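Peer 1: Okay, here's the prediction I keep looking at, along with the sequence it came from:
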Amino acid sequence: MNDAPTVKPRYQEHPRMFADEPGRFILAVILIPVLVGIVWLVFWWIRTRCTLVTVGDERVLLSRGVFAKERLEIELKSIRTVEIDQTFVDRIFNCGILKIYTAGDNPELLQKGMPDPERLRSALRS
């Protein structure tokens, strides 16, 4: 057995479904009587639950994918810029779009619908 203490990450969250795209969510709910909405919501929920952003002591990890997994790992010391965009709707639901730049003009990591952006920003700064 491994008796090593587990380190709690500074930030670990899944994107939010409704807050990320409320128009799409409402459309899926309207389509529930036709059963298309239920299928749409189930697949969307599974895809959202299979996406996870974790900020640890040394790196940021993004894991996403249902059948094929994509894992992106960025060391905190190599991060040049952190940008969190929030639309009016994002501000109401306390979520935002995370963009992390290491080099160049394109973000190395881009994830929509991340909850509690101020906690995320402070986890990336400290």
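Peer 2: Received the coordinates, thanks.

Peer 1: Would you mind finding the longest helix in the protein?
Peer 2: In the chain, ranked by residue count with DSSP state H as the criterion, the top helix is helix 36-49.

Peer 1: quick one, helices of the chain?
Peer 2: 17-20, 22-30, 36-49, 88-92, 117-125.

Peer 1: Save those as a markdown table, and put in mean neighbour count too.
Peer 2: Using the backbone N, CA and C atoms, a C-beta is placed for each residue, glycine as well. Converted to a markdown table, those look like this (neighbours: other C-beta atoms under 10 Å):
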| stretch | mean neighbour count |
| --- | --- |
| helix 17-20 | 18 |
| helix 22-30 | 14 |
| helix 36-49 | 14 |
| helix 88-92 | 13 |
| helix 117-125 | 16 |
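
Peer 1: export those to TSV and tack on distance to residue 72?
Peer 2: Listed next are the helices of the chain as TSV, based on distance: least, C-beta to C-beta, whole Å:
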stretch	distance to residue 72
helix 17-20	19
helix 22-30	24
helix 36-49	16
helix 88-92	22
helix 117-125	15
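
Peer 1: what's the closest of the ones you listed to residue 10?
Peer 2: Evaluated with C-beta to C-beta, the helices of the chain place helix 117-125 nearest to residue 10, the distance being 3.7 Å.

Peer 1: The closest one packs against which elements?
Peer 2: Under the contact criterion of 3 or more C-beta pairs under 8 Å, 6 or more residues apart in numbering; DSSP states H and E, helix 117-125 touches strand 11-13, strand 52-55, strand 81-85, strand 95-101.
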